[in-house]
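Student: Predicted model follows, preceded by the sequence.
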Amino acid sequence: MKEEVLLKEPFLVVLKRWVTSAGGITILLAVAAAIAAAIDAGPFILVNTIVTGGMWALLSLGLSLVFGVMNIPNFAHGEFFLIGSLTAYFAFNPIRLYLKDNPSPFLSAIAPFLGIFLAFLVGALLGVILEKLIFSPLRKRSRDQWVMNSFLLTVGISVVIINNVQLIWGANFKGIPSYWDVEPLDFFGVNLSVDRLAAFLLAVATLIVFWYFMRRTQTGRAVRAVAQDETGALLVGINLNSILSLTMALSAGLAAMAGASLLFIFPAYPTAGLKPLYVAWYVVILVGLGNVSAAVIGGFIVALLQTLTSFYIGTGWEDVIPTAVIIIMLIFKPSGLFGSEVKGVHEK
Amino acid sequence: MLEVKNLNSGYGFLQVLWDVSLKITEGEFIALVGPNGAGKSTTLKTIAGLITPKGGDIIFKGETITGTPANLTSRMGISFVSESLNLFTNMSIYENLLLGAYIIEDKQEQLDTIDFVFGLFPRLKARRNQLAGTLSGGERKMLAIARGIMSKPSLLMVDEPSLGLAPKLTLDVFDALETLRQGGMTILLVEQNVNTTLHITDRGYVLEQGQMILEGPSKELLENDHVKKAFLGI
């Protein structure tokens, strides 16, 4: 619809339609709220929103992708986050201790990236293993009640991973004080730690690469094709199994990357994945299931809601307010703020 | 080029095709006609690999492809334009076509084929950036056929291209098929529009209740008493 509108109608008409759509209103309201809060309380509100928003975007992107392409409502998504932070911890901590005795500016600058990249790889590998070991056999056996069955499986996977992590590494917190042991930057009067800045830049870079991959490469197009019409995808010669594995790998990898990048805020412990899981679901339900690009915007909106709530009302309310907003929103827009690309999920 | 021997196929416990056989040589334009529910679409779906047959053989270019999944048969050169079209509705015409050339790795070859396809269907060129889901019925058919030939198949199977189209658009679609066939493509066309179909094809098969009851040159079929009575109403 959008493209045709752009071709034929003057810009102002399009703008007016966008501004009066649910998505447009929300984005404008969010920007207005962010600016008002920044003026009232200080620019740190913006900084916090943007930094956590980037990571929520990465998380919800993966969740949304897996739901859109594979129709799996993944409740084990938080465990990818956990595996990511664990990997980064075990990869980075030895280097950190080593660096204490043998300072090396170069190694200390790149070591965090090594940890985060390794986390992405381990997460992606875990995603592929889960797809091959669990979802692929189920898909071959029966696709009846697929959404329900795969949902139950993911809940099971989540329980298994949480308990195994506790069994193997114990229930203690594994965290690091910071990735880069340097003075925080002064950013418009806000103390911005290098870790936060790096986490944000990494999220933005990943989102850009991901967008390019999905829109401009043939493999990315194939992923979208599978989401839109599986039979059509088969008919043009797309190997469904490899695309599904790739989707799961990307989704899990992005979540693990988010976990690794935020290790300095969220230490790794067995149930560390639950909060990110809930947040990712807030975002995905808010913007519409399976709508991948809107999940990015949603990530920032939810981050803003949380930042505002914890500053003005109290940290304890951080989960309450977004949930309340979602309940109210669902009454008026049941398919999410931005509608959804997956209209026929239950018809498939 | 394609030989189907005693094919038995269907959905789950429901058998639709009973010992269906047909043979297509290179460059032929073949019609597969028959009433509703005769199993025409099932035949195509089974050849394309969307349905695994219960028995029989499908031989394509000397290789047995019985039960080969659809993503592999399309790599071997069989392109299937289904009745429901299976377009990627949230993608532009251009992207649909690019995906049609998914099995072609050479970028330049993809672009050349797109140019060729746009020459065949100028309407698509004018709307290349429009989303497939916003196209009219006729344009969707054209896009589906266009996407089907993007992989440069040696056998093109088209299921009911005239279904739900205005007569003028139907002719456009048939003209396009005619052009393709002149370019040397082998085409297997399934149609309910028996009269027009038999006028443009070389040979025809008549399928009724899952069984092949007649075959022969299209001109002879047009004269056949049974065909006249059952399909042409004369």
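Tutor: Perfect, I can see it now.
Student: B:Leu87: what's its closest spatial neighbour, skipping adjacent residues?
Tutor: In this structure, B:Leu87 finds its nearest non-sequential neighbour in B:Ala132, 4.5 Å apart by C-beta to C-beta, 6 or more residues apart in numbering or on different chains. In short, each C-beta sits where N, CA and C put it, glycine included.
Student: what's the neighbour count on that neighbour?
Tutor: 26 (other C-beta atoms under 10 Å in any protein chain shown).
Student: After the host helix or strand of A:Ala255, which helix or strand is next? Please name it.
Tutor: Assessed by DSSP states H and E, A:Ala255 sits inside helix A:240-261. Next helix or strand after helix A:240-261 toward the C-terminus (DSSP H and E): helix A:274-287.
Student: Is that next one positioned near chain B?
Tutor: No. Using C-beta under 8 Å from any C-beta of the partner chain, helix A:274-287 stays clear of chain B, coming no nearer than 15.7 Å.
Student: Dump the C-alpha coordinates for that helix into CSV.
Tutor: Extracted C-alpha coordinates of helix A:274-287, given in CSV (Å, rounded to 0.1, in the frame of the first residue of the first chain):
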residue,chain,number,x,y,z
LEU,A,274,13.6,-13.6,32.2
LYS,A,275,13.5,-9.9,32.4
PRO,A,276,14.9,-9.4,28.8
LEU,A,277,12.3,-12.0,27.7
TYR,A,278,9.4,-10.1,29.2
VAL,A,279,10.7,-6.8,27.7
ALA,A,280,11.1,-8.4,24.2
TRP,A,281,7.5,-9.6,24.5
TYR,A,282,6.3,-6.2,25.6
VAL,A,283,7.9,-4.7,22.5
VAL,A,284,6.6,-7.3,20.1
ILE,A,285,3.1,-7.3,21.4
LEU,A,286,3.1,-3.5,21.4
VAL,A,287,4.1,-3.1,17.8
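Student: Show me what that helix packs onto, helices and strands only.
Tutor: Helix A:274-287 sits against helix A:44-70, helix A:77-101, helix A:240-261, helix A:292-312, helix A:320-332, with contacts defined as 3 or more C-beta pairs under 8 Å, 6 or more residues apart in numbering or on different chains; DSSP states H and E.
Student: what comes up buried for the longest one?
Tutor: Using 16 or more other C-beta atoms under 10 Å in any protein chain shown as the test for burial, helix A:44-70 gives A:44-70.
Student: Then the fourth one?
Tutor: Residues of helix A:292-312 classed as buried: A:292-309, A:311 (neighbour count, 16+ other C-beta under 10 Å).
Student: Now do that helix against helix A:320-332: the angle between them, please.
Tutor: With axes from the mean of the first three to the mean of the last three C-alpha atoms, to 10 degrees applied, the angle from helix A:292-312 to helix A:320-332 works out at 130 degrees.
Student: mean confidence score for helix A:292-312?
Tutor: For helix A:292-312, mean pLDDT is 90.
Student: before we move on, back to that, how about the helices and strands packed on helix A:274-287 in CSV, adding distance to chain B?
Tutor: Below are the helices and strands packed on helix A:274-287 laid out as CSV (distance: least, C-beta to the nearest C-beta, whole Å):
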stretch, distance to chain B
helix A:44-70, 10
helix A:77-101, 24
helix A:240-261, 7
helix A:292-312, 11
helix A:320-332, 23
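Student: Out of those, flag the one nearest B:Asn96.
Tutor: Ranking the helices and strands packed on helix A:274-287 by proximity to B:Asn96 (C-beta to C-beta) places helix A:240-261 first, at 16.7 Å.
Student: Pretty sure B:Gly216 sits in a strand.
Tutor: Yes. The assignment for B:Gly216 by DSSP: H, G, I helix; E, B strand; the rest coil puts it in a strand.
Student: I'd like to check which residues are in contact with it.
Tutor: B:Arg203, B:Gly204, B:Asn224 (C-beta atoms under 8 Å, 6 or more residues apart in numbering or on different chains).
Student: among these, which are in helices?
Tutor: With helices taken from DSSP state H, there is no overlap with these.
Student: Return the residues in contact with the residue positioned nearest the centre of chain A.
Tutor: Centroid-nearest residue in chain A, with C-alpha atoms, centre = their mean: A:Leu59, separated by 1.2 Å. By C-beta under 8 Å, 6+ apart, A:Leu59 lies in contact with A:His77, A:Phe81, A:Leu254, A:Ala255, A:Ala258, A:Pro276, A:Val279, A:Ala280, A:Val283, A:Gly299.
Student: again, but for A:Ile116
Tutor: When contacts are counted by C-beta under 8 Å, 6+ apart, A:Ile116 touches A:Ala88, A:Leu202, A:Met257, A:Ala260, A:Ser261.
Student: shouldn't the first one be in contact with A:Ala119?
Tutor: Yes. With contacts counted by C-beta atoms under 8 Å, A:Ala88 reaches A:Ala119, the gap being 4.6 Å.
Student: joint contacts of those two?
Tutor: With contacts taken as C-beta under 8 Å, 6+ apart, the residues that reach both A:Ala88 and A:Ala119 are A:Gly259, A:Ala260.
Student: For the lengthiest helix in chain B, output the C-alpha coordinates as CSV.
Tutor: Counting by DSSP H, the longest helix found in chain B is helix B:167-182. Output of helix B:167-182 as CSV, limited to C-alpha atoms (Å, rounded to 0.1, in the frame of the first residue of the first chain):
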residue,chain,number,x,y,z
PRO,B,167,-11.5,-12.0,-21.3
LYS,B,168,-9.2,-9.3,-22.5
LEU,B,169,-6.7,-10.0,-19.8
THR,B,170,-7.0,-13.7,-20.4
LEU,B,171,-5.9,-13.1,-24.0
ASP,B,172,-3.0,-11.1,-22.8
VAL,B,173,-1.9,-13.9,-20.6
PHE,B,174,-2.3,-16.5,-23.4
ASP,B,175,-0.4,-14.2,-25.8
ALA,B,176,2.5,-14.1,-23.3
LEU,B,177,2.5,-17.9,-23.1
GLU,B,178,2.5,-18.1,-26.9
THR,B,179,5.5,-15.7,-27.1
LEU,B,180,7.3,-17.9,-24.5
ARG,B,181,6.6,-21.0,-26.5
GLN,B,182,8.0,-19.4,-29.6
